[in-house]
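# Need coordinates for the below:
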Amino acid sequence: MLPNSTGNVSVSYVDKFPSVSKLSDLVWLTEDEIINEEETDVFKGKIKNIKNIEMDFDGMTEYRSIAKIKVDKVYRGEVREGDTVSILLPCPINTDVWVEDTGVVSAMREGLTGIFMPIKYNEDSYIEMNRAKIHLKDLTEYGFFDGERYAFIEASDELIFARWAFESIKDANSLEEIEQYILKTIR
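So this is what the prediction gives:
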């Protein structure tokens, strides 16, 4: 159900994808701008579920995924500890689809823990293509500005984050170090 979306649109869960590549460019932001300029919620949580989706805009398709994350600790925002939130990811997970600037979120897998900084969607949050519009609140509560700078993922043998964007903590090896940095930097 997409009650606020317009035009000939549909969204469905999918398991198979064509091989696709998508290019984009990130706007340069300072560490402070990434953490404090946008009204992101900031929380630590465990990834409970990830499902890939196909968004159809009257024949033009966009591939993404939806992650459900159980919130363990809140640093900023309306979300509460114990909540499970849905986040629209800017790419599908574990597929042959390649989307530039999504290296960090592409590493997301069920069972991993991370610190996440998504934006809460509102009535102005939508994707429009081919004269059709999907309101993102019809899909999830949250989304990322990009797939690089708004998540820190703790995998079994490494800490995955955009080290190039966070020069002051580029040598961090644990979520505890990231948490201390967030607490010190957040306004």
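# Can you pull out the low-pLDDT segments for the chain?
Residues of the chain meeting the criterion pLDDT under 70: 17-26, 95-100.
# longest helix anywhere in it?
The longest helix of the chain (DSSP state H) is helix 175-185.
# what's next to it, contact-wise?
Surrounding helix 175-185, the residues in contact under the criterion CB atoms under 8 Å, 6 or more residues apart in numbering are 31-32, 35-36, 42, 44, 73, 75, 113-115, 152, 154, 159, 161, 166, 168-169, 172. Where you see a C-beta, it was placed from the backbone N, CA and C, and this is true even at glycine.
# how many other residues sit next to residue 156?
When neighbours are counted by other CB atoms under 10 Å, residue 156 registers 7.
# isn't residue 1 right up against residue 135?
No. Residue 1 lies out of contact with residue 135 (CB atoms under 8 Å); the separation is 11.5 Å.
# More neighbours: those two, which one.
More crowded of residue 1 and residue 135, by other CB under 10 Å: residue 135, with 20 against 6.
# what distance separates the start and the end of stretch 150-164?
Stretch 150-164 has an end-to-end distance of 13 Å (criterion: CA to CA, to the nearest Å).
# Name the residues of stretch 174-181 that are buried.
Across stretch 174-181, burial judged by 16 or more other CB atoms under 10 Å covers 175, 178-179, 181.
# now stretch 111-118
Buried-residue list, stretch 111-118, by 16+ other CB under 10 Å: 112-118.
# For that stretch, which outside residues touch it?
Under CB under 8 Å, 6+ apart, the answer for stretch 111-118 is 34-35, 40-47, 69, 72, 75, 85, 87, 108, 142-144, 150-155, 175, 178-179, 182.
# Sweet, I'm off.
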